[in-house]
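Engineer: Pasting the sequence and the predicted coordinates here, then a few questions.
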Amino acid sequence: MMHTAYTLGLPQPCTTSVIFASPHSGRAYSKDFLRSTVLDTQTIRSSEDAFVDELIACAPRYGAQTIAATAPRAYIDLNRNADELDPAVVSGLRRVTHNPRISSGLGVVPRVVANGRAIYRGKMHLNEAKARLDAYWHPYHDQLRRMLDVTRNAFGQAILVDCHSMPHEAIDALHQHSEARPDVVLGDRFGAASAAHIVDQVEAAFKNAGLRVARNAPFAGAFIAQHYGRPSRNQHVVQIEIDRALYMDEETISRGPQFRAFQRLMEQVISEVADFGRASQMPLAAE
């Protein structure tokens, strides 16, 4: 099912409390946006979680819902708060939020793509930034909130698996020769976004598929994990970062020869994760 701001995968029926999301795989680059940027069409895509939506597309076959963004991350970043506007790229701001993400150019309307390359030559007016929020940010988050509320009411809990990809080089600095480089980094904001047993089960599913897993370093979870992760309300968020080199050519932003094999491996993981959110395992769903 398609909305301008997102696509949905809706199983019939929904049999698990697990929702898979991809907020950064959008690739609808409008002609207006491409005209407004100083970057070429290849470089503008460098921040995109390319093909992550395809890696989770099988989830409805296992009774799980999916939501994937259509707008590119370079245009609007759905894993930022709506008020994280950068005065270096948006003019007319009355109130400015200060945080390291904005300072580094990665606010809700990004100033840069990967490796700090500037997207624009000048600034846009606040009205343009608000139009992007209204067209893409708000509809995506309104829908995600509805899905979480409905799921929690039906199953007694909701588990959001927020799926991302990381550049292969992103973990170079942290994992030198002596230490095995992780294939997947799970982020639960150090326990604030999800109950430990949920993260344990997600980790076990990836390890069962033969992948090396790390937690919270270098990615602990951003706005979505922080905002929606409410373990005390039985609402859990686990952010997943997958090494892009496992399934794609990062330089050409194309599916690698190993893509189909990795897609099958992800299907195994998704099946296992969906299983532990089954209605039969949750007494509340039967009451």
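Structural biologist: In hand now; what should we look at?
Engineer: Just give the closest residue to Ile67, not the sequence neighbours.
Structural biologist: Distance criterion Cβ to Cβ, 6 or more residues apart in numbering; nearest residue to Ile67, sequence neighbours excluded, is Ala21 at 5.0 Å. Quick note: C-beta positions are derived from backbone N, CA and C, even for glycine.
Engineer: hang on, the one you found packs against Leu144?
Structural biologist: Yes: with contact defined as Cβ atoms under 8 Å, Ala21 counts as touching Leu144 (6.7 Å).
Engineer: higher neighbour count, those two?
Structural biologist: Ala21 (30 against 21; other Cβ atoms under 10 Å).
Engineer: For that one, give the beta-bridge partners.
Structural biologist: Per DSSP bridges, the residues bridged to Ala21 are Ile67, Asp162.
Engineer: What is the strand or helix carrying Glu241 packed up against?
Structural biologist: Taking DSSP states H and E as the criterion, Glu241 maps to strand 235-243. Applying 3 or more Cβ pairs under 8 Å, 6 or more residues apart in numbering; DSSP states H and E, one finds that strand 235-243 contacts strand 158-166, strand 184-187, helix 196-208, helix 223-228.
Engineer: How far off centre is the third one?
Structural biologist: On the basis of Cα atoms, centre = their mean, to the nearest Å, helix 196-208 is displaced by 18 Å from the centre of the chain it belongs to.
Engineer: Please work out which residues outside it touch it.
Structural biologist: Contact with helix 196-208 is made by 159, 161, 183-184, 186, 188, 213, 215, 236, 238, 240, 268-269, 272-273, 276, as judged by Cβ atoms under 8 Å, 6 or more residues apart in numbering.
Engineer: Helices along the stretch 51-200 of the chain, start to end?
Structural biologist: Secondary structure of the stretch 51-200 of the chain by DSSP state H, counting those that start in this stretch: the helices cover 52-55, 100-103, 126-132, 138-155, 196-208.
Engineer: which of those is buried the deepest?
Structural biologist: Highest mean neighbour count of the helices of the stretch 51-200 of the chain: helix 52-55, a mean of 23 (counted as mean count of other Cβ atoms under 10 Å).
Engineer: Rounded mean pLDDT for the one helix or strand Leu8 maps to, please.
Structural biologist: Using DSSP H and E, Leu8 sits in strand 6-9. The average of the pLDDT scores along strand 6-9 is 97.
Engineer: For it, buried residues please.
Structural biologist: Going by neighbour count (16 or more other Cβ atoms under 10 Å), the buried part of strand 6-9 is Tyr6, Thr7, Gly9.
Engineer: follow-up on the earlier one: which neighbours do Ala21 and Leu144 share?
Structural biologist: By the contact definition Cβ under 8 Å, 6+ apart, Ala21 and Leu144 are jointly contacted by Ile67, Leu160, Ile224.
Engineer: these two touch, right, the second one and Pro23?
Structural biologist: No: shown here, Leu160 and Pro23 do not form a contact pair, counting by Cβ under 8 Å, at 10.6 Å.
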